[in-house]
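Chemist: Coordinates for the following, if possible.
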Amino acid sequence: MKSRMPPYWQHDGRGVHLERTDGAWQSRMQDWMRKTVFPGANHACGARLQQCRVSKVLRVENGALWAQYQTRKEALKVEHREWKAQGLTVPSLPTTKQPAMPSVELSAELNELFLFHGTSHDTAQTIAHHGFDERVAALSGLYGAGSYFADCSCKSHQYAQRAATAQGEHVVLLCRVTMGWALATKEQHKNQRRPPDNPALRKRPFDSIFAQSGVARAG
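Modeler: Next up is the predicted model:
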């Protein structure tokens with residue numbers, strides 16, 4: 001099944017395009033970055049982001065990655081239907097702040113969300129062309145190897161490196177992420193290659209890990 005490209009894309013999905021959006025998106029993303037600073041954040045990063053200025057917004061239009069994403073989503077939908085037929089219900093995740101995007105429909109049943117990812121300019125270019133790659137993920141993270149995202153801009157901004165340009169911009173990605181049947185936890189899962197097994201599904205691991213507020217810091 002061929003995936004249809006989003007109707008708001010400017011290209012037909014062939015190749016990779018970083019499409020600069022108009023000023024309305026720039027203003028919208030700036031407002032969203034400021035609004036999603038973690039409540040009560042009094043550290044320097046949080047204070048700066050509440051006054052941040054978004055200099056430009058680029059939309060990644062990569063047909064190959066879009067097709068992979070849709071294929072994986074469709075496979076999860078099939079699994080979820082099978083589980084529902086067995087009387088199993090995939091838990092919804094705790095409410096997270098989500099940007100208003102009228103042209104985008106997220107799958108609530110698959111716990112699909114918009115989340116931030118902070119990185120360097122060069123790594124952002126690699127992700128735009130080839131996607132996230134868990135093979136290069138470190139085991140030392142609080143939740144083991146994998147791709148990390150956050151609903152608070154200040155958390156992802158901690159990993160956003162200043163670009164080697166005169167403007168010294170930082171790069172933050174806003175990504176569509178399908179969490180599926182996630183393990184919501186306050187515990188650490190260091191040195192793990194994948195999420196723990198889901199006890200309801202006989203040796204099948206959870207699709208992802210959702211870190212709840214109040215998790216213990218590394219140390």
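Chemist: in the top helix by length along the chain, what's buried?
Modeler: Secondary structure assigned by DSSP state H gives helix 63-85 as the longest helix of the chain. For helix 63-85, the neighbour count (16 or more other CB atoms under 10 Å) marks Gly63, Leu65, Trp66, Ala67, Tyr69, Lys73, Leu76, Glu79, His80, Trp83 as buried. To be clear about C-beta, it is placed using only N, CA and C from the backbone, and glycine gets the same treatment.
Chemist: again with stretch 82-97
Modeler: Here stretch 82-97 shows Trp83, Val90, Leu93 as buried, counting by 16+ other CB under 10 Å.
Chemist: ok now stretch 81-97, how far from the chain's centre?
Modeler: Relative to its chain's centre, stretch 81-97 lies at 19 Å (CA atoms, centre = their mean, to the nearest Å).
Chemist: Stretch 20-31 now?
Modeler: 19 Å.
Chemist: and Val172, how many neighbours does it have?
Modeler: Neighbourhood size, Val172 [other CB atoms under 10 Å]: 22.
Chemist: and it, that's in a strand?
Modeler: Yes - Val172: assigned to a strand according to DSSP: H, G, I helix; E, B strand; the rest coil.
Chemist: just to revisit the earlier point, C-terminal to the longest helix of the chain, what's the next element?
Modeler: Sequence order places strand 112-119 as the next helix or strand after helix 63-85, per DSSP states H and E.
Chemist: and that following strand, what other elements does it pack with?
Modeler: helix 153-157, strand 171-178 (3 or more CB pairs under 8 Å, 6 or more residues apart in numbering; DSSP states H and E).
Chemist: Quick check: phi and psi on the residue located most distally from the centre of the chain?
Modeler: Distance from the C-alpha centroid of the chain peaks at Gln86, with 29.8 Å (CA atoms, centre = their mean). With angles defined as degrees, to the nearest 10, Gln86 sits at phi -90, psi 0.
Chemist: re the thing from before, ok, the buried residues of helix 63-85 vs Ala108, which is closest?
Modeler: Of all the buried residues of helix 63-85, Ala108 sits closest to His80, with 11.5 Å by CB to CB.
Chemist: ok, now which ones touch the residue lying closest to the closest one once chain neighbours are set aside?
Modeler: Computed as CB to CB, 6 or more residues apart in numbering, the closest residue to His80 that is not its neighbour in sequence is Val90, at 5.7 Å. Applying CB atoms under 8 Å, 6 or more residues apart in numbering to Val90 gives the contacts His80, Trp83, Glu109, Leu110, Asn111, Gly180, Trp181.
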